[in-house]
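A.B. asks: The following comprises the amino acid sequence and a computationally predicted model.
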Amino acid sequence: MSAFYVTTPIYYVNGEPHAGHAYTTIAADALARYHRLKDNDVFFLTGVDEHGANVHKAAEDAGLTPQNYCDKMTPIFTALWKRLNISHDIFMRTTSNMHKRGAEKFLTALYNSGDVYKGSYEGYYCRPCERFIPEKELTDEKICPIHKLPLEWLEEENYFFKLSKYQDRLLAHIRENPRFIYPESRRNELLSVLDSGLEDISISRSSVSWGISLPFDSEHIVYVWIEALMNYMTALGYETDSERYRTFWPANVHMMAKDITRFHALIWPAMLMATNLPLPKQVVGHGWLTKDGEALSKTRRIFIDIDTDIETYGLDAFRYYLLREFSFGNDGDYRPARLHARYNADLANDLGNLLNRVLGLVNKNFEAIPEPTTSGEFDDEVKAMAQTTVDQLDTHIEAFAFDNALETIWEFVRRINRYVQQTQVWTLAKSETKSRMGTILYNSLEALRIISVLISPFVPDTADKIQKQIGLEEFETATEWGCLPVGIKVSRGEPIFPRIDTKKQKQAQPKAAAKPKQKTEQKTSDLVSFADFQKLDLRVARILAAEPIEGADRLLKLQVDVGTEKRQLVAGIAEHYTPDALIGKQVIIVANLEPATIRNVESQGMILAGSGDAVVLATLEKEMPLGTQVR
Ligand code: ME8
């Protein structure tokens, strides 16, 4: 059992938490749960950043003292984490005494390192970022590159930390430890920041009053960012050199979005180098969750209505969508229509129906879970796939590829659906085939048990529901086939993801339902609203294989790569393209079309083509990465 310490950023309390905060926290939660499943000794930290000028100003605006304001805002974060089923071990508040004492101890150590000196500072400051914007990043308009708000000119006497002294050591550390910064693009970004030279940074503010005083000069308040970074150690009991601190420091993963990787991957390690403390093992800066292509923002009031979506689809569907839809290092546009499609296809259809169907057959034909006594076609393949599914998960999780991890589990879910189909298990109830039926149902339930264990880090409530329906009381290992006991009673099986039709979805979205009359008239004249157009998920894909479909002269069966997954499509282009001519071509597909079965072949999407006398495949002017959205 090894120690695994994962952290989220501590979020500012100057506004309510939004989907972006939920995204990081759910991802960190899935990681923590995955490591618990692997029997590691896990410590998962999240919390709030309660000091600084930003929070002070928000308190003033609300007519409260800063402490009262924090006491009012912090429970909003803890309530959301409860609702999202976040399994943190500690929730840090930076106004706590534990943090204050730990921060003072760290600041004293930093001062004693000889790398702190007094100087004066002037420059353009962004209040929402709480940082001076370096000369190199300034535009003529003097606008913050992140918040797009005007910068303030600030002049102060400050204490400085000799960050520049650590440039070479940081460079060497990042080069020697390729996994230190994830993803690669962020690592390269920071390497180029280092190449262009680091400046010393100010670590105190004399103009700010809401924060922790420097232990070596009480006239100054520690800069909120320097204070916040220390929380990762103070939360463990750094102040008293506690057992927990000694077990879990250094952190395995600091998780965050790309906006703040620089603080975590350059400034924080330099502070630790100065105080001779070990560095965190990985700094992970995922992409932005966007809405209509724009980053969510408290200051710019760009939000996603997560309440409606959780109410409509349930928490686990929301968690599933966030983790399955986006590639973690890249930005991802949040679309309720995609959540709807994933709910019906992956959750209701693939997983929910499978469970329901298998339980139904067990209940109809047996008193309890039957014993597997025969062996037949596909059994070994299914058992082997359980093992390969487990084996592949580690690799995906280590690469923070939550999307690939879930896709791998769903390939297994779909394989079990095919197993039920291929064996036509429902036809085997006659006495001479009943033992074969029992074996197939046992195998299917055992696969579902393993699936429930594997999905538990991502959709924990669903995992519990599946286990309960199968009649299990405890989670057993997923690495061993055959742990499912024979002879226990299974439940009747309520659908775990009842299908949600579009009409119901529209009702749940008041904005869409309450369209003005004029819009309806436009609709009848065949115009499509922008919102409707946006529901289409068009993606760049590459054709990997193509073959004719027996008995269908116009159709070809295609295998395409959409970047994060492979799909099978049926296209009516056989009269215009030979299979060989198609292989390797980049095309555009409609990725969120409901799957259809055409001439007994499943088609998961549609390929776009100009269609007149001739049929010509649509493609982009230049090749783009697979999976790129086309709008
Ligand atoms: O920066 N997409 O707090 P903060 C994805 N207090 N993630 C997002 C996001 C989006 N659109 N918007 C926010 C601070 N996040 C400091 C941190 S840590 C020592 C101090 C998430 O409230 C993401 O994790 O501005 C991002 O890094 C973090 O919220 C910023 O939170």
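C.D. replies: Looks like it arrived, so ask away. Numbers count the residues shown, from 1 in each chain.
A.B. asks: The ligand contacts on the stretch 201-350 of the chain?
C.D. replies: If contacts are counted using C-beta under 6 Å from any ligand atom, the residues of the stretch 201-350 of the chain sitting beside the ligand are Ala228, Leu229, Met256, Ala257, Asp259, Ile260, Trp288, Leu289, Ala295, Leu296. Every residue, glycine included, has its C-beta placed from N, CA and C.
A.B. asks: make it 5 Å
C.D. replies: Proximity of the stretch 201-350 of the chain to the ligand, by C-beta under 5 Å from any ligand atom, involves residues Ala228, Leu229, Met256, Ala257, Ile260, Trp288, Leu289, Ala295, Leu296.
A.B. asks: what about the closest residue in space to Leu428 that isn't next to it in sequence, neighbour count?
C.D. replies: The shortest distance from Leu428 to any residue that is not its chain neighbour, by C-beta to C-beta, 6 or more residues apart in numbering, is 3.7 Å, and that residue is Met437. A total of 23 residues lie near Met437 under the criterion other C-beta atoms under 10 Å.
A.B. asks: buried ones in the helix or strand in which Met437 is found?
C.D. replies: Under DSSP states H and E, the secondary-structure element containing Met437 is helix 434-455. Applying a neighbour-count criterion of 16 or more other C-beta atoms under 10 Å, one finds 436-455 buried in helix 434-455.
A.B. asks: Just the ones of the residues of the stretch 201-350 of the chain next to the ligand in helices?
C.D. replies: Using DSSP state H, Ala228, Leu229 are the members of these that sit in helices.
A.B. asks: got a winner among the residues of the stretch 201-350 of the chain next to the ligand for most neighbours?
C.D. replies: Taking other C-beta under 10 Å to define a neighbour, the member of those with the most is Ala228, carrying 28 neighbours.
A.B. asks: Give me the phi and psi for Cys129.
C.D. replies: Phi and psi for Cys129, reported as degrees, to the nearest 10, are phi -80, psi -20.
A.B. asks: What residues does it make contact with?
C.D. replies: For Cys129, the contacting residues are Cys144, Ile146, His147, by C-beta atoms under 8 Å, 6 or more residues apart in numbering.
A.B. asks: what's the helix or strand for whichever residue of the stretch 1-150 of the chain sits closest to the ligand?
C.D. replies: Across the stretch 1-150 of the chain, the shortest distance to the ligand (C-beta to the nearest ligand atom) belongs to Gly20, at 2.2 Å. Per DSSP H and E: Gly20 is located in helix 19-37.
A.B. asks: Chain neighbours aside, what residue packs nearest to Phe402?
C.D. replies: Leu323 (4.2 Å).
A.B. asks: Let's verify the one you found: helix, strand, or coil?
C.D. replies: Using DSSP: H, G, I helix; E, B strand; the rest coil as the criterion, the local structure at Leu323 reads helix.
A.B. asks: Now for the closest residue to Ser297 other than its chain neighbours, how many residues are close by?
C.D. replies: Distance criterion C-beta to C-beta, 6+ apart; nearest residue to Ser297, sequence neighbours excluded, is His147 at 7.0 Å. By other C-beta under 10 Å, the residues close to His147 number 17.
A.B. asks: Looks to me like His147 is in a helix.
C.D. replies: No. When classified by three-state DSSP, His147 is found to be coil rather than part of a helix.
A.B. asks: Over to it: give its phi and psi.
C.D. replies: Main-chain torsions, His147, degrees, to the nearest 10: phi -90, psi -10.
A.B. asks: my guess is it contacts Arg301, does it?
C.D. replies: No. Judged on C-beta atoms under 8 Å, His147 makes no contact with Arg301 at a distance of 11.6 Å.
A.B. asks: And the closest residue to Asp561 other than its chain neighbours, what's its pLDDT?
C.D. replies: In this structure, Asp561 finds its nearest non-sequential neighbour in Arg542, 4.9 Å apart by C-beta to C-beta, 6+ apart. The predicted local confidence for Arg542 comes out at a pLDDT of 91.
A.B. asks: All further residue positions should be reported with the first residue as 537.
C.D. replies: Okay, using 537 as the starting number, the last item reads as Arg1078.
A.B. asks: How are the strands of the stretch 787-936 of the chain distributed by residue range?
C.D. replies: Applying DSSP state E, counting those that start in this stretch to the stretch 787-936 of the chain gives strands spanning 789-793, 818-822, 825-827, 830-831, 868-869.
A.B. asks: Save these as TSV, and put in mean pLDDT and distance to Tyr702 too.
C.D. replies: Conversion of the strands of the stretch 787-936 of the chain to TSV gives the following (pLDDT from 0 to 100; distance: least, C-beta to C-beta, whole Å):
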stretch	mean pLDDT	distance to Tyr702
strand 789-793	98	18
strand 818-822	98	15
strand 825-827	93	32
strand 830-831	82	30
strand 868-869	96	34
